[in-house]
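>>> Sequence and computational prediction follow.
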Amino acid sequence: MKSSDLLLIKPLLTEKMLRQQEEQRKYAFLVAPHANKIEIKRAVESKFRVTVTSVKTLNAKGKAKRLNTRRGITRGKRSDKKKAIVTLKEGQAIDFFQERTK
């Protein structure tokens, strides 16, 4: 089994996701591109000690960019990303801002 630190890269804390955390118990994470739903569920449950009821994933393709430099116009692309939206059991929550003690 892969480590939860390798699968869960970071939480996505946007205004929309903060609203969904409060109202619908949904949390979003940036995850490794090779991670599947079962691995994501196990990683969240082991890292945050909560019960996950559903996991939804999406692959976000990187935007194509065009840069003007001194050498002319160069083309590039941002990295592709995989996101996971996790729904927790009623009455449970994740606090990202608490200090973690090891």
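On my side now, so go ahead. Numbers count the residues shown, from 1 in each chain.
>>> would you list every one of the helices in the chain?
4-7, 15-24, 37-48 (DSSP state H).
>>> pretty sure residue 47 contacts residue 11?
No. Counting by Cβ atoms under 8 Å, residue 11 is not a contact partner of residue 47; they are 10.7 Å apart. Just so you know, the C-beta spots here come from the backbone N, C-alpha and C atoms, and that holds for glycine as well.
>>> just to revisit the earlier point, redo the helices of the chain as TSV? Include distance to residue 87 and mean neighbour count.
Listed next are those as TSV, based on distance: least, Cβ to Cβ, whole Å; neighbours: other Cβ atoms under 10 Å:
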stretch	distance to residue 87	mean neighbour count
helix 4-7	18	15
helix 15-24	7	12
helix 37-48	10	17
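>>> could I get these as CSV with distance to residue 67 and mean pLDDT?
Output for these, formatted as CSV (distance: least, Cβ to Cβ, whole Å; pLDDT from 0 to 100):
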stretch, distance to residue 67, mean pLDDT
helix 4-7, 32, 82
helix 15-24, 29, 94
helix 37-48, 34, 94
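>>> Distance to residue 91 added to the ones you listed, as TSV?
Output for the helices of the chain, formatted as TSV (distance: least, Cβ to Cβ, whole Å):
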stretch	distance to residue 91
helix 4-7	22
helix 15-24	13
helix 37-48	14
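>>> Distance of residue 50 relative to residue 32?
Residue 50 sits 20 Å away from residue 32, going by Cβ to Cβ, to the nearest Å.
>>> mind checking the backbone torsions on residue 51?
Dihedral pair for residue 51: phi -110, psi 120, per degrees, to the nearest 10.
>>> which non-adjacent residue is nearest it?
Leaving aside its chain neighbours, residue 51 sits nearest to residue 89 (4.1 Å; criterion: Cβ to Cβ, 6 or more residues apart in numbering).
>>> same check, this time on residue 76
Of all residues not flanking residue 76 in the chain, residue 65 sits nearest, at 4.9 Å (Cβ to Cβ, 6+ apart).
>>> I'd say residue 11 and residue 96 touch.
Yes. Residue 11 is within contact range of residue 96, at 5.5 Å (criterion: Cβ under 8 Å).
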